[in-house]
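**Student:** show me how the following folds:
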Amino acid sequence: SAKWTHRAMQEGIRSAPHRLPPVRTMAGRKNSKKSKQQKLFYIILAVVIAIISVIFEETGIWDKIDSAVTDSQYIELENGEVAAEVHFIDVGQGDCTLIVSQNKTMLIDSGEAEYADTVLEIFSDLGIIYLDYAVVSHAHSDHMGSMAEILDSVPTENVILSQPSDENGETKMYQDFLDSVEKSKAKVIIAEPDYTFTLGATKCRILSPFNVSSSEENNNSIVMHLTAGTTSFLMTGDAEKFVETEILNHYDDIGATVLKVGHHGSNTSSSSDFLKAVNPEAAVILVGKDNKYGHPTEKTLSNLKKYTDDIYRTDKDGTVTFICTTDGYTVKTEK
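**Tutor:** Residues are numbered from 1 along each chain as shown. Modelled structure (predicted):
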């Protein structure tokens, strides 16, 4: 199975036996002439390519070609167009969010292994047969338990992940996930602060993790800011108050229209200073009905209500979908 290791390969070199200089024959002189002709051809070819390159650069043709073949090109929209649909999928006591933006797709987390069919059924309903990005916020089963099966079922271009803690990186679940990533041939991107990319008409920016914790896996969570039209989202994984403070110290503006509430509404996240900086118009809590952890806590709900009455919960509202246009958003729930 795949491991986080590097392999060194050594190649032995044998010395060639001593030989007498070759005798220069008529065939040798012909080969020498042919070799000079080949060199002249390649020199002329290189000059022609250089001239064409300069012409393309001056006329802007290179930019047009790059736009045509690069799937990270940001899509500008007309007024009123749909920039993205953000689906907060009900996977019980777990996280799973699907973003569809101008036919580009990104899955952030996937819930426990038992929810693979739920996620794949939603893909089928939406006509999704390909993922541009699959993101694993951190190595806990309620966030990535079904990701291996999803990667085995759906072709995926890129996988974004944070390096796991020592303990969680060695679990069978995580090793099975790495095996599926390897089989998918997806490009692996290790999350770093300020890494930015585009997804159709959505701008994406990773804010955290800053440092990999060897013991606190929640604090290895990928925190990501998304902007689709005039609506922004802050995806927090299970990042706790320590990480929230790091983010506040590092960034001047983390404001977002919609907050994906950290750690299922636990008291370990959603500090007063963090909520004040985000200042959300709406909040979404991904949480299981009657869960044994008491999520979300009354304290977290009370703190959220200082900023918004629009608090959506997957245990009560089912899957929550934000449809974002260039001038606002609407919300749809499916219980």
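**Student:** check which helix or strand the closest residue to residue 195 other than its chain neighbours maps to.
**Tutor:** Once flanking residues are discounted, residue 195 sits nearest to residue 206: 4.4 Å by C-beta to C-beta, 6 or more residues apart in numbering. (C-beta placed from N, C-alpha, C; glycine too.) In this assignment (DSSP states H and E), residue 206 forms part of strand 202-208.
**Student:** what's in contact with the helix or strand following that strand?
**Tutor:** Proceeding C-terminally, strand 202-208 gives way to strand 223-228 as the next helix or strand, assigned by DSSP H and E. Strand 223-228 is contacted by residues 83-84, 86, 99, 101, 108, 135, 201-209, 232-237, 239, 243, 247, 254, 256, 324 when judged by C-beta atoms under 8 Å, 6 or more residues apart in numbering.
**Student:** try 6 Å
**Tutor:** For strand 223-228, the surrounding residues in contact (C-beta atoms under 6 Å, 6 or more residues apart in numbering) are 83-84, 202-208, 233-236, 239, 324.
**Student:** mind giving me the ChimeraX command for buried ones among the residues you listed?
**Tutor:** In ChimeraX, a selection of the buried entries from the contacts of strand 223-228 looks like this (16 or more other C-beta atoms under 10 Å):
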select :83,84,202,203,204,206,207,208,233,234,235,236,239,324
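**Student:** show me where the stretch 51-200 of the chain has its helices.
**Tutor:** With helices called from DSSP state H, counting those that start in this stretch, the stretch 51-200 of the chain shows them at 61-69, 116-126, 141-144, 147-153, 166-169, 172-184.
**Student:** would you indicate which residues of the fourth one are buried?
**Tutor:** By neighbour count, and taking 16+ other C-beta under 10 Å as the criterion, the buried residues in helix 147-153 are 147, 148, 149, 150, 151, 153.
**Student:** of those residues, closest to residue 73?
**Tutor:** For the buried residues of helix 147-153, the closest approach to residue 73 (C-beta to C-beta) belongs to residue 151, at 25.0 Å.
**Student:** from residue 133, how far out is that closest one?
**Tutor:** Applying C-beta to C-beta, to the nearest Å, one obtains 12 Å for the distance of residue 151 from residue 133.
**Student:** and what of residue 278?
**Tutor:** Following C-beta to C-beta, the distance that separates residue 278 from residue 133 is 23 Å.
**Student:** among these two, which residue is more densely surrounded?
**Tutor:** Shown here are residue 278 and residue 133; by other C-beta atoms under 10 Å, residue 278 has more neighbours (25 against 21).
**Student:** could you pull out the helices for the stretch 201-335 of the chain?
**Tutor:** 241-250, 272-278, 298-304, 314-317.
**Student:** same list (the ones you listed) but as CSV, adding mean pLDDT and distance to residue 127.
**Tutor:** Putting these into CSV (pLDDT from 0 to 100; distance: least, C-beta to C-beta, whole Å) gives the following:
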stretch, mean pLDDT, distance to residue 127
helix 241-250, 97, 36
helix 272-278, 98, 33
helix 298-304, 97, 34
helix 314-317, 98, 23
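**Student:** give me whichever of the ones you listed is most buried.
**Tutor:** For these, average neighbour numbers computed from mean count of other C-beta atoms under 10 Å are highest in helix 314-317, which has a mean of 20.
**Student:** beta partners of residue 284?
**Tutor:** On the basis of DSSP bridges, residue 284 takes part in beta bridges with residue 260, residue 312.
**Student:** surely it meets residue 89?
**Tutor:** No. With contact defined as C-beta atoms under 6 Å, residue 284 and residue 89 do not form a contacting pair (10.8 Å).
**Student:** quick check: the nearest residue to residue 270 once chain neighbours are set aside vs residue 159, distance?
**Tutor:** Leaving aside its chain neighbours, residue 270 sits nearest to residue 300 (5.0 Å; criterion: C-beta to C-beta, 6+ apart). Look at residue 300 and residue 159: by C-beta to C-beta, they are 31 Å apart.
**Student:** quick revisit: of the helices of the stretch 51-200 of the chain, which is nearest residue 265?
**Tutor:** Distance to residue 265, taken as C-beta to C-beta, is lowest for helix 141-144 among the helices of the stretch 51-200 of the chain, at 13.4 Å.
**Student:** hey, C-alpha coordinates of that closest one in PDB?
**Tutor:** Coordinates of each C-alpha in helix 141-144 appear next as PDB, following Å, rounded to 0.1, in the frame of the first residue of the first chain:
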ATOM      1  CA  SER A 141     -13.400   8.800   9.300                       C
ATOM      2  CA  ASP A 142     -16.400  11.100   9.600                       C
ATOM      3  CA  HIS A 143     -14.800  13.300   7.000                       C
ATOM      4  CA  MET A 144     -13.100  10.800   4.700                       C
END
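**Student:** now find how far off-centre that helix is within its chain.
**Tutor:** Averaging C-alpha coordinates over helix 141-144 and over its chain gives two centres that are 15 Å apart (C-alpha atoms, centre = their mean, to the nearest Å).
**Student:** which residues are in contact with it?
**Tutor:** Helix 141-144 is contacted from outside by 93, 94, 95, 109, 110, 112, 136, 137, 173, using C-beta under 6 Å, 6+ apart.
**Student:** need the contact list for residue 157.
**Tutor:** Contact analysis of residue 157 by C-beta under 6 Å, 6+ apart lists residue 132.
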